Structure formats: structure tokens, C-alpha cells
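K.L.:
quick one, structure for this:
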Amino acid sequence: MSALEHLPEIDNGLLRFLTCGSVDDGKSTLIGRLLFDTKTILADTLNAIEKTSAKRGMSAVDLSLLTDGLQAEREQGITIDVAYRYFSTGRRKYIIADAPGHEQYTRNMVTAASTANLAIILIDARKGVLTQTRRHSYLASLVGIPHLVVAVNKMDLVDYDQAVFERIKGEYLEFAAKLGIRDVRFIPISALEGDMIVDRGERLSWYDGPTLLDILENAPAAHTEQAEDFRFPVQFVCRPQESANPELHDYRGFMGRVESGEVAVGDAVTVLPSGASSRVRKIELGGVALPRAIHEQSVTLLLEDEIDISRGDLIVKSAEAREPVKQIEATVCWLSETPLSPARTYLVRHTTREVKAKLAKIDYRLDVNTLEQEATTGLAMNDIARVTLKLAQPIIADRYTENRATGAFIIIDESTNNTVGAGMIG
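P.N.:
All right, here's what the predicted structure looks like:
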């Protein structure tokens with residue numbers, strides 16, 4: 001009987017999580033095992049990977065093919081881009097991001113990790129903590145992933161030896177302490193054999209902790225662990241003036257998504273950067289009136305007063321307003337093959353607001369392998385650096401550690417409209 005059959009039908013919310021590790025640590029196989037053992041693989045998909053496995057001369061199904069979706073990736077035998085997969089159990093829904101392990105794909109991992117609430121760091125039991133392990137752990141910490149799970153994989157290749165697991169755990173904890181990582185859990189697994197993934201198996205009896213699925217099922221969802229300030233970037237101003245309904249002639253709704261916090265009818269709000277204030281008169285979702293709106297709901301707000309509001313403005317609770325700024329200090333990951341040019345003007349997109357920006361200075365570039373700070377005058381693809389940007393118009397900048405939605409931004413090349421950088425304020 002599968003462990004899933006014992007799970008009660010409750011909803012713990014959506015969990016976005018990331019898997020990362022060194023090359024051949026078994027990331028894709030781990031995700032394949034999760035999908036296979038939770039019975040979320042469609043019959044035609046299973047049939048396709050069975051045929052591919054047979055072509056490769058394998059006696060068993062190669063579960064890693066479930067995430068290596070591109071034919072080119074399959075032929076090379078490595079994951080070269082972020083592969084996203086979706087599945088659900090009786091307790092919650094999941095979005096999985098399988099990040100590549102190579103250093104030259106640092107930008108891919110940063111992109112995948114930016115929305116994750118948990119990261120699984122895979123370690124090959126035969127190899128222990130490697131440079132890539134340290135790099136991925138740092139990047140996960142950098143982008144604010146609050147929960148790390150260190151999964152010591154391939155325990156079947158070290159005879160399920162507890163001493164090997166304990167040695168790796170001690171080595172990682174020593175490194176994590178230097179980095180300031182606090183919330184980290186450890187679990188021995190065999191993705192190939194399925195031990196401690198969904199079912200416990202019979203070969204790790206010395207480990208009395210939860211299975212990987214148990215950890216995932218009970219991990220806190222985003223926005224649930226601490227009170228957050230209300231942040232509502234305006235996407236669109238709705239004024240149906242052409243309507244035949246006279247009640248809609250004076251309708252003025254502000255549409256967007258609640259990025260954090262919550263708001264209720266009657267709450268005092270302030271519009272930034274103008275500083276104009278009012279109260280919430282009505283909240284609508286799909287034409288239905290709501291008493292309040294919470295994080296990640298896309299709603300329309302109607303205010304008691306006529307205020308000049310446009311796309312890019314930010315509606316906040318009056319007691320939670322902060323001063324707009326025209327200069328920000330941030331950690332930036334450069335995503336483009338074209339190096340950063342200090343002489344050029346770029347666009348910074350922060351929530352729904354776009355402003356022109358120029359580089360004021362680069363404090364240092366970070367070596368993601370040694371974590372040492374290096375002096376530099378420019379940035380190339382995959383570089384991570386501490387920079388200061390000067391903005392043409394003000395933005396409302398929360399610290400990234402306090403609010404991942406309003407503490408993040410992207411940098412856009414005006415001439416190509418390509419996204420060339422991603423930044424975290426604070």
C-alpha cells in the first residue's frame with residue numbers, strides 16, 4: 001500500500017520548490033521518482049519514456065526523462081535548462097523547477113529560484129559536499145528561499161551506510177553556519193530505488209525522520225509564515241465609459257494582483273509615489289464583491305475618492321507606506337550574453353513600474369564558487385555583483401529579505417527589449 005493512501009484530503013496551499021545539485025547527482029531522477037510514486041504520470045507519457053529507455057538499452061524505466069523534456073537534452077544526457085513540472089497530492093499542489101548544475105547556467109538557477117519557497121539540495125553520497133553544492137546553497141540563500149532540504153542521494157551505492165550520511169551532514173552544517181543558513185533539514189534517499197522519497201522503503205531503518213514527500217507536504221506555503229505589508233501594484237485602470245449601464249459611468253477600478261499582505265473594505269490606503277490617500281470602497285473579483293483581498297489574488301479596488309492613479313503606481317495601507325527613492329543598492333545577476341555597459345541607460349521594471357536607470361557603481365563581483373568579493377568594472381553573463389543604480393523616477397523599494405515581490409526587479413535593454421539582469425534590493 002502506498003504512503004499516499006494514508007494522506008488526509010486537506011489543502012496546505014501551493015508549494016513552489018527547486019531541485020539543484022552537482023552534475024549527475026540525480027535531480028531529474030528524483031523528480032521522476034516523485035511523479036512516478038505519486039501516480040501523477042499520464043499513461044502516454046510513461047509509455048514514451050519506456051520506449052526511450054528501451055532504445056538506450058536500459059532494463060528499467062529511466063525516470064529522469066520526465067524532466068529532460070527537450071530531445072537535445074535527452075541526446076546529451078544532461079539537463080541544460082530549467083524544466084518545470086506540476087503535480088498534486090491529497091494535501092497540496094506543487095510546481096517543481098529542475099535547475100541545471102553547471103556554473104555557466106547560474107542565471108537559469110537564479111531565475112528558477114526567485115519564486116521558490118523551498119529548495120532541495122542534492123548531494124551524491126559517494127562525493128560529499130562539492131563546490132557546486134556550496135554555490136547552489138549560496139544562490140538559494142541569496143534569492144531568499146526560506147527552507148532548504150539537503151537530500152543525500154545514491155545511498156544505495158554506499159550500502160545505506162549511516163556513517164556516510166552523518167559525515168556529509170556535519171560537513172554541510174559547518175559550511176551553512178558560515179553562510180548564515182538556519183533552516184536546513186537532512187534526509188538520506190535513493191532516487192533510483194525510491195527509498196525515503198514517497199515510501200520509506202526497508203533499507204534506511206536507522207533514519208527515523210520524515211520522508212521527502214512528508215517534508216514537502218508540510219512545508220509552509222509562501223506568505224504564510226509572517227505578517228506582510230499590503231502591496232498592490234496597479235496594472236490597469238478600468239473605466240467602462242462606453243457602457244450602456246448608467247451605474248458604470250462613474251466607475252473607476254484599479255486592477256492588479258495583491259503581491260503581499262491583505263486589504264479590507266474601509267481600510268485607509270495611500271497611493272505611491274504621489275502620496276494621495278483614500279479608503280477602499282469596494283473590492284471585486286470577477287464581478288463579485290469581496291469583503292477583503294489576500295496575497296496572490298487578482299482583484300479590482302475601488303476607492304472612496306477621485307485620485308489620479310495610473311499603471312505603475314503602488315497602493316499600500318497608509319500605516320505601511322514608505323518613502324519613494326531614486327537610488328537603490330542591490331545584488332544583481334547579469335543574464336545577458338552582452339556585458340553590462342556602465343555608459344548605457346537601461347530600463348528597470350519594478351512590479352508594474354518602469355523607470356530609466358544608470359549604473360552608479362559596482363561595489364564588487366562575487367565569485368560564486370569561493371564566495372570571495374572581487375573588484376570589477378563590468379559584468380558578464382552569470383556574474384553576480386553588488387551595485388548601485390540611479391533612477392530617473394522614484395520607486396517604492398522594499399528590502400528583498402522583507403518582501404520578495406516588491407524587493408525584486410529586472411533590468412531591460414531598451415534597444416532590444418530583452419531582459420538582461422535580475423536584482424534584489426537591500
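
K.L.:
strands of the stretch 251-400 of the chain, start to end?
P.N.:
For the stretch 251-400 of the chain, the strands defined by DSSP state E, counting those that start in this stretch cover 253-257, 262-264, 268-272, 276-285, 288-290, 292-294, 298-303, 314-317, 325-334, 345-350, 353-366, 373-374, 384-395.

K.L.:
quick one: the third one to strand 253-257, angle?
P.N.:
What it means is strand 268-272. If you take axes from the mean of the first three to the mean of the last three Cα atoms, to 10 degrees, strand 268-272 sits at 80 degrees to strand 253-257.

K.L.:
which secondary structure elements does strand 268-272 contact?
P.N.:
strand 276-285, strand 314-317 (3 or more Cβ pairs under 8 Å, 6 or more residues apart in numbering; DSSP states H and E). The C-beta positions use only the backbone N, C-alpha and C, and glycine is treated the same way.

K.L.:
at 10 Å instead, please
P.N.:
Counting contacts by 3 or more Cβ pairs under 10 Å, 6 or more residues apart in numbering; DSSP states H and E, strand 268-272 packs against strand 231-238, strand 276-285, strand 298-303, strand 314-317.

K.L.:
now swap in the first one and tell me
P.N.:
Of the remaining helices and strands, those touching strand 253-257 by 3+ Cβ pairs under 10 Å, 6+ apart are strand 231-238, strand 276-285, strand 298-303, strand 314-317.

K.L.:
three-state assignment of Glu174?
P.N.:
Here Glu174 is helix, with the state taken from DSSP: H, G, I helix; E, B strand; the rest coil.

K.L.:
residue contacts, it?
P.N.:
By Cβ atoms under 10 Å, 6 or more residues apart in numbering, the contact set of Glu174 is Val129.

K.L.:
at 8 Å what do you get?
P.N.:
Applying Cβ atoms under 8 Å, 6 or more residues apart in numbering to Glu174 gives no contacts.

K.L.:
do the one 10 residues further on as well
P.N.:
By Cβ under 8 Å, 6+ apart, Val184 lies in contact with 148-150, 172-173, 176.

K.L.:
that one pairs with what?
P.N.:
In this entry, Val184 is beta-bridged to Leu148, by DSSP bridges.

K.L.:
which among the helices and strands packed on strand 268-272 is found nearest to Tyr400?
P.N.:
strand 231-238 (13.0 Å; Cβ to Cβ).

K.L.:
for the closest one, name the packing helices and strands.
P.N.:
Packed next to strand 231-238, using 3+ Cβ pairs under 8 Å, 6+ apart, are strand 253-257, strand 314-317.
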